[in-house]
Structures are given as C-alpha cells and as structure tokens.
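Q: Provide a 3D model corresponding to the input given below.
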Amino acid sequence: MKIQYRKKRLNFSLIFGILWLSISLLGIFTKENSSWTDYGFLIISFLYLGTYLYEKKNQYMTIENGVISVNKPFEKKINLTEIKQIKKFAGDYTLKTDKAELTINTHIIEPNSLSELDAVLEKLNVESD
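A: Numbers count the residues shown, from 1 in each chain. So this is what the prediction gives:
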C-alpha cells in the first residue's frame with residue numbers, strides 16, 4: 001500500500017520547477033551575455049523538477065510485507081510487529097521500537113491515504129499517546 005503525498009505538495013514542486021526553468025531559459029536565450037545566475041536558476045529548476053518526479057513515482061510511504069518505510073533518499077524502515085508505541089503530537093506520528101524511531105508528517109499526506117494509515121496503525125493494538 002502506498003501512502004501518497006498531497007496533490008498540493010506535488011503541484012508546488014512542478015509549478016516552481018517550470019517557473020525557474022522559464023526564468024533561466026529567458027535569461028540564457030534573451031541576453032547576449034548570460035550570467036552565472038541564469039545557470040543557477042536552471043539548476044534550481046532541475047532540483048524542483050527532480051523532486052517532483054521522485055515524489056510522484058515513489059510517494060511518501062509504503063507499507064508492504066509488514067514493513068513501513070518512508071521513501072526518501074535515505075529510506076527508513078520499521079517492522080510493524082516491532083512497534084512498541086505510537087505517539088501523536090502536532091500532526092506528527094512517532095512510531096517507536098526498541099531500536100529505532102520513525103516520524104511521520106501527516107500534513108503532507110493525502111486525506112484518503114491518512115485514513116488508510118490510521119487503519120493500519122489501529123490494527124497494531126499498541127500503546128498510544
């Protein structure tokens with residue numbers, strides 16, 4: 001099961017990527033002497049567009065085979081059976097095991113996916129704060 005990002009977050013990255021790309025291409029092709037800032041804007045646009053493509057493909061989290069993992073460049077994984085405590089505070093869920101801790105930001109999760117995540121976490125029957 002994939003826990004998806006809010007569409008607003010994905011659209012933000014796409015729009016800013018296109019905006020920075022437009023600014024950089026205008027600077028590069030309309031000036032006789034392009035400055036280093038035009039190429040800097042081009043790099044920024046690639047970073048935004050790369051972030052959009054990565055997040056669109058991988059989404060925020062996956063729950064498969066009893067493992068919950070946050071899809072970031074340095075992926076964090078926790079076995080659902082090892083979770084000892086779930087702490088909910090200020091829109092974040094903190095899943096604690098004996099060895100690790102995983103924080104989930106619920107503000108960036110699509111509402112339908114958040115209800116699916118809540119259902120999975122409720123099935124665990126662990127201590128909640």
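Q: hey, where'd the strands end up in the protein?
A: Taking DSSP state E as the test, the strands found in the chain are 2-3, 61-64, 67-70, 76-79, 85-89, 92-96, 101-105, 127-128.
Q: so for the chain, the centremost residue is which one?
A: Tyr60 (4.4 Å; C-alpha atoms, centre = their mean).
Q: just so I know, which of the strands of the chain lies nearest Ile23?
A: When the strands of the chain are compared by C-beta to C-beta, strand 101-105 sits nearest Ile23, at 29.6 Å. Every C-beta, even on glycine, is put in place using the N, C-alpha and C of the backbone.
Q: helices of this structure, start to end?
A: Assigned by DSSP state H, the chain shows helices spanning 7-30, 36-58, 111-122.
Q: hang on, the earlier thing: mind putting the strands of the chain in CSV, mean pLDDT and mean neighbour count included?
A: As requested, these are exported to CSV (pLDDT from 0 to 100; neighbours: other C-beta atoms under 10 Å):
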stretch, mean pLDDT, mean neighbour count
strand 2-3, 94, 19
strand 61-64, 94, 16
strand 67-70, 93, 17
strand 76-79, 92, 14
strand 85-89, 92, 13
strand 92-96, 93, 17
strand 101-105, 93, 15
strand 127-128, 75, 12
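Q: ok, now which ones touch the residue nearest to the centre of the chain?
A: Residues near Tyr60 by C-beta atoms under 8 Å, 6 or more residues apart in numbering: Ile3, Gln4, Tyr5, Val70, Asn71, Ile108, Ile109, Ser113.
Q: ok, the first one touching Leu117?
A: Yes: taking contact to mean C-beta atoms under 8 Å, the distance of 5.4 Å between Ile3 and Leu117 places them in contact.
Q: what's the burial count for the closest residue to Thr106 other than its chain neighbours?
A: Leaving aside its sequence neighbours, Thr106 sits nearest to Gly91 (C-beta to C-beta, 6 or more residues apart in numbering; 5.0 Å). Look at Gly91: counted by other C-beta atoms under 10 Å, it has 11 neighbours.
Q: fine, thanks again, bye for now.
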